[in-house]
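*Asks:* Here is my input; please provide its structure:
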Amino acid sequence: MKVKSIFVNLPIKDLKKTRAFWTNLGFTFNEQFSDDRALCLVLNDGLIYVMLVTHEMFSTFTNRPIADGTTTQVLTAIQVESREEVDRIVKLAIENGATRYRESVDHGWMYYDCFADPNGHQWEVMFTDPTQMQL
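*Replies:* Residues are numbered from 1 along each chain as shown. Below is the predicted model of the structure:
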């Protein structure tokens with residue numbers, strides 16, 4: 001079994017604010033799948049996307065209550081190429097309205113830092129170097 005691509009769907013409160021936040025971090029959107037109800041955030045073109053969907057539209061996909069950003073429903077972790085890239089992204093996120101929900105962690109072979117975006121979704125940005133793992 002092989003999955004062709006992944007689309008994570010997350011509810012958002014403010015489309016304009018959300019677009020500005022992710023754009024300021026250096027990410028892009030697939031405009032073909034974006035409109036006045038949703039944004040298609042590109043994490044790795046052709047493979048990984050996050051659908052940032054307004055609460056009104058999101059409610060049409062589920063019969064359960066929608067998380068309002070004050071609870072943790074999912075932690076989304078993204079892997080980047082270096083420790084410096086982890087620090088750069090988290091710094092930019094905080095400068096653009098994100099909040100830190102825990103301090104960075106360095107395990108030697110894995111380094112990560114965290115932020116909650118303006119909609120309250122928690123993101124972990126990590127760098128791993130498997131050659132540094134001790135068996």
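*Asks:* CA only for contacts and neighbour counts going forward, please
*Replies:* Will do.
*Asks:* Do you have the helices of this protein handy? List them.
*Replies:* Assigned by DSSP state H, the chain shows helices spanning 15-24, 55-58, 83-95.
*Asks:* Of all these, which one is nearest residue 2?
*Replies:* Residue 2 sits nearest to helix 55-58 of all these, at 26.9 Å, using CA to CA.
*Asks:* and the closest one, what other elements does it pack with?
*Replies:* Helices and strands touching helix 55-58, by 3 or more CA pairs under 8 Å, 6 or more residues apart in numbering; DSSP states H and E, are strand 6-12.
*Asks:* rewinding a little: switch the helices of the chain over to TSV, and while doing so, append mean neighbour count and distance to residue 34 to every line.
*Replies:* Formatted as TSV, the helices of the chain follow (neighbours: other CA atoms under 10 Å; distance: least, CA to CA, whole Å):
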stretch	mean neighbour count	distance to residue 34
helix 15-24	16	10
helix 55-58	16	12
helix 83-95	17	22
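*Asks:* what about residue 36, how many neighbours?
*Replies:* Number of residues near residue 36 (other CA atoms under 10 Å) recorded here: 10.
*Asks:* now the residue nearest to it when sequence neighbours are not counted: how far from residue 5?
*Replies:* Using CA to CA, 6 or more residues apart in numbering and skipping the chain neighbours, the partner closest in space to residue 36 is residue 15 (7.5 Å). Separation of residue 15 from residue 5 (CA to CA, to the nearest Å): 24 Å.
*Asks:* Residue 116 too?
*Replies:* From residue 116 to residue 5 the distance is 24 Å (CA to CA).
*Asks:* Which one of those two is surrounded by more residues?
*Replies:* Between residue 116 and residue 5, counted using other CA under 10 Å, the more crowded position is residue 116 (21 against 11).
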